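Q: Please find the sequence and the predicted model below.
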Amino acid sequence: MDWNLLVANAFHAALGLNAIAYAIAAIGLNVHFGYTGLLNFGQAGFLAVGAYGTAISIVHFNVPYLVGALIGVAVAVLLALLLGIPTLRLRADYLAVATIAAAEIVRLVIGSTVYARWTGGSSGFSGAFARTFYNWNPLPAGTYSLGPVRLTADRAWFMLIGWSLVIIIALLVWLLVRSPWGRVLKGIREDEDAVRSLGKNVFARKMQALIIGGVIGAVAGIALVTGEQSVNPQTFNTQLTFFFWTLLLLGGVARVIGPVLGAVLLWLVFSVTETVLRSGASAGWVPDTLVSESQIGLVRVALVGLGLMLLMIFRPQGILGDRRELAFNVR
Amino acid sequence: MSADATSPSAPIRAQVLADVPPVPGAPKPDPILVADNVTRRFGGLTAVDVEHVEVQRGVITALIGPNGAGKTTFFNVLTGFDQADTGSWTFEGASVAGKPSYKVAQAGMVRTFQLTKALSRLRVLENMRLGATGQRGESVWRALLPFLWRDQEESITERAEQLLSRFKLDHMRDEFAGALSGGQRKLLEMARALMSEPTMVMLDEPMAGVNPALTQSLLGHVKDLRAEGMTVLFVEHDMDMVHDISDWVIVMAQGKIVAEGPPEAVMANPDVIDAYLGAHHDAPVTEAEEQQQLAEIESDIEAELSAPDESPATEPSTGGSS
């Protein structure tokens, strides 16, 4: 077994682009579900509008990178309003259905040939839109080494900014949820009618939570396409949303650090299982009849699924959750 | 403390209502809540059809009636938790008809629920703090700047702790509300409603599922509310409690108000006995009656068991023939 490869891969997976974007997206989802009890099954849609809003405005309208990012965020606010106004007055399950549908609509529209002139259709577009971000890189060009881990200057710059973003967003959410505002959200999660009876405007608070979580999702989308330097509609499929749910439940719902820990762990497990299986396969330990080279990517997802099942059985509150909170039958 | 506070004032309250004729829709000297022509229909069923009713300020008014009389629906309509088909009602002279429930609560009319709504995964103290109105930190922007709301939070916490000790929940302040017993949740819900400093408290079956010992303390708390100048309107089935604490009783049956008056007069009113205590009452008035009811239920059950083929459509009788 190549331990250096294992460590290098693990580092890139657990602290790299995907972990950063997934952590941010799941923080947004945590604002929705963990604190407000909104069942959002369409977080991928918020990432998509953030990513495309940014990329399209940079590519087609030549706006500066940060202005593009602001446009992406603004589109996410619009999507949240559009979703929330008809559905937030209804029971929680309606929002779940509406969000999953909205995310699919977003993905299909941006991938359709009708708007291909703007969105690049099903193949999306890659290239220069994120260039400005990397032009700001103050790190001298070259490759950096940390033991077995090798980083290009651009990658290092992205990780630096990415993790700063994660920390800033987590801090903001922490400030919000420990305030009286956050208390109203948690009250809504437990029982909206009780909160209403105390003179709180539940609809407005739910809308604010939907917008804030959606905006955080859009930031994750912008981070994702900035890191990949390409946008593709297939990135934002329903499966992406369920990865966010997986890592949120893994880390612990309604914990500020839960989604961050969840994202790091999820990608760490992905990477380690893949590296182990691949090196096992090439060394002949894993027989080809059992797991072929092409199946390894799927087996690691199956293993994560198994891990999640075990977690739900033995530690349903997630890694950072408080078991006592599950003792009460809510709803 | 409740006895000291209320006993001298109770006769005065009774005097206020002494000249009010005990008829449905009677005008009160100082009504805080006035409702006219309120109807609520569910398909073909008219759940609420109230022509006119006034609730006197500063007294305890009970709203009684058999199951399905529309009491809770009327409550929901008044507090904005349900929409009336027709009607208007004013609270302290201002119309609150059709207003969303949170605005009704902000106006000073705060309710509790028949099925207690403790916010389980919030701690008891947080439940209490949530009740306070006009919190600066509930705005999303100010929430990010704790120094703007920290002082207010401290005074809220102080008030919450006073109320918790008054309701004997102070030892539970750091527990999750979900860990409280049913009776403690009722207390918490009432205390939380008081955090909003209401002028009128609407209690929907405050005694449902509460053991007799706690009933006494809850009664004391309700009397305290009156002593503090609040108006109380409550729905209740327990006739002993209604008799004990209410200054005025309003009786509903089949959506309409069929009688009003002081408790003694209402309970002697033949209309009420027909509508409520007669045909469908839930709570036995005397012990003998309770025995009789139990015997009837038992014989009903026996009859049903011995004749299992009988039509299941027959309503399971709860002393329906008494």
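A: Received it, and whenever you're ready, just let me know what you need.
Q: what about the residue nearest the centre of chain B, distance to B:Thr116?
A: Nearest residue to the geometric centre of chain B (Cα atoms, centre = their mean): B:Leu203, 2.3 Å. B:Leu203 sits 11 Å away from B:Thr116, going by Cβ to Cβ, to the nearest Å. C-beta here means a position set from N, CA and C on the backbone, and glycine is covered the same way.
Q: Ok, B:Gln106 next?
A: 22 Å.
Q: Find the nearest non-adjacent residue to A:Leu38, please.
A: Among residues not flanking A:Leu38 along the chain, A:His32 sits closest, at 4.3 Å (Cβ to Cβ, 6 or more residues apart in numbering or on different chains).
Q: swap in A:Glu293?
A: A:Ala281 (5.9 Å).
Q: ok, now which ones touch the one you found?
A: Counting by Cβ atoms under 8 Å, 6 or more residues apart in numbering or on different chains, A:Ala281 makes contact with A:288, A:291-293, A:296.
Q: Run a quick check on A:Tyr22 versus A:Leu266, I expect a contact.
A: Yes: taking Cβ atoms under 8 Å as the definition, A:Tyr22 is a contact partner of A:Leu266 at 7.0 Å.
Q: Now the common contact residues for these two.
A: In contact with both A:Tyr22 and A:Leu266: A:243, A:247, using Cβ under 8 Å, 6+ apart.
Q: so B:Val222 sits in a strand?
A: No: counting by DSSP: H, G, I helix; E, B strand; the rest coil, B:Val222 is not part of a strand but helix.
Q: My read is that it contacts B:Pro206, right?
A: Yes: at 6.9 Å, B:Val222 and B:Pro206 qualify as touching, with contact defined as Cβ under 8 Å.
Q: overlap in contacts of these two?
A: With Cβ under 8 Å, 6+ apart, B:Val222 and B:Pro206 have common neighbours B:Phe234.
Q: for the stretch 201-331 of chain A, what are the low-confidence residue spans?
A: A:326-331 (pLDDT under 70).
Q: Closest residue of the stretch 51-200 of chain B to chain A?
A: B:Gly178 (2.9 Å; Cβ to the nearest Cβ).
Q: my guess is that residue meets B:Ala118, correct?
A: Yes: using Cβ under 8 Å, B:Gly178 is in contact with B:Ala118, at 6.8 Å.
Q: Looking at these two, which one has more neighbours?
A: Shown here are B:Gly178 and B:Ala118; by other Cβ atoms under 10 Å in any protein chain shown, B:Ala118 has more neighbours (25 against 20).
Q: excluding its backbone neighbours, what's nearest A:Ala218?
A: With Cβ to Cβ, 6+ apart, the residue lying closest to A:Ala218 is A:Gly50, at 2.7 Å.
Q: roughly how far apart are A:Asn4 and chain B?
A: 44 Å (Cβ to the nearest Cβ, to the nearest Å).
Q: For that residue, the count of nearby residues, please.
A: 11.
Q: how much space between it and A:Gly28?
A: 35 Å.
Q: With B:Gly80 instead?
A: For B:Gly80, the distance to A:Gly28 equals 32 Å [Cβ to Cβ].
Q: So if I had to pick from the two, which one is more boxed in?
A: Legend: neighbour count by other Cβ under 10 Å for B:Gly80 and A:Gly28, higher for A:Gly28 (30 against 23).
Q: excluding its backbone neighbours, what's nearest the more buried one?
A: Nearest to A:Gly28 is A:Ile216, by Cβ to Cβ, 6+ apart, at 3.2 Å.
Q: you'd agree the one you found is up against A:Ala25?
A: Yes: if you go by Cβ under 8 Å, A:Ile216 and A:Ala25 touch, sitting 7.3 Å apart.
Q: Quick check: beta-bridge partners of B:Pro31?
A: Note on B:Pro31: beta-bridge partners by DSSP bridges are B:Gln56.
Q: Let me know the distance separating it from B:Val258.
A: 20 Å.
Q: biggest helix in chain B by residues?
A: helix B:287-306 (DSSP state H).
Q: any idea of the mean pLDDT for it?
A: The pLDDT scores in helix B:287-306 average 79.
Q: list the buried ones in it?
A: B:293, B:296, B:300 (16 or more other Cβ atoms under 10 Å in any protein chain shown).
Q: how about the residues of the stretch 151-300 of chain A near chain B?
A: Contact residues (Cβ under 8 Å from any Cβ of the partner chain) of the stretch 151-300 of chain A with chain B: A:172, A:175-176, A:179-184, A:186-187, A:189-191, A:193-202, A:208, A:212.
Q: What segments of chain B are helices?
A: B:2-6, B:9-16, B:71-78, B:101-106, B:124-131, B:140-143, B:150-166, B:182-195, B:212-227, B:239-245, B:263-268, B:270-272, B:287-306.
Q: In CSV: those helices, plus distance to A:Ser122.
A: Compiled in CSV, these are given as follows (distance: least, Cβ to Cβ, whole Å):
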stretch, distance to A:Ser122
helix B:2-6, 73
helix B:9-16, 76
helix B:71-78, 51
helix B:101-106, 46
helix B:124-131, 48
helix B:140-143, 38
helix B:150-166, 53
helix B:182-195, 54
helix B:212-227, 65
helix B:239-245, 69
helix B:263-268, 75
helix B:270-272, 74
helix B:287-306, 67
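Q: Would you mind putting these into CSV with distance to chain A alongside?
A: Below are these laid out as CSV (distance: least, Cβ to the nearest Cβ, whole Å):
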stretch, distance to chain A
helix B:2-6, 24
helix B:9-16, 26
helix B:71-78, 10
helix B:101-106, 4
helix B:124-131, 5
helix B:140-143, 4
helix B:150-166, 7
helix B:182-195, 7
helix B:212-227, 16
helix B:239-245, 22
helix B:263-268, 27
helix B:270-272, 30
helix B:287-306, 30
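Q: Of all those helices, which one is nearest A:Arg117?
A: helix B:140-143 (38.2 Å; Cβ to Cβ).
Q: What's the mean pLDDT across that closest one?
A: 94.
Q: List the buried residues for that helix?
A: Result for helix B:140-143 [16+ other Cβ under 10 Å]: buried residues B:140, B:142-143.
Q: Could you do stretch A:111-120 as well?
A: For stretch A:111-120, the neighbour count (16+ other Cβ under 10 Å) marks A:111, A:119-120 as buried.
Q: How about stretch A:219-234?
A: A:219-233.
Q: same deal with stretch B:243-254?
A: Buried residues in stretch B:243-254, counted by 16+ other Cβ under 10 Å: B:245-254.
Q: which one of those is nearest B:Pro66?
A: B:Ala253 (6.2 Å).
Q: got a list of what that closest one touches?
A: B:65-66, B:69, B:275-276.
Q: Once you drop chain neighbours, what's closest to the residue of the stretch 201-322 of chain B found nearest chain A?
A: The stretch 201-322 of chain B approaches chain A most closely through B:Met202 (9.0 Å), counting by Cβ to the nearest Cβ. Nearest residue to B:Met202 in three dimensions, chain neighbours excluded: B:Arg111, at 3.9 Å (Cβ to Cβ, 6+ apart).
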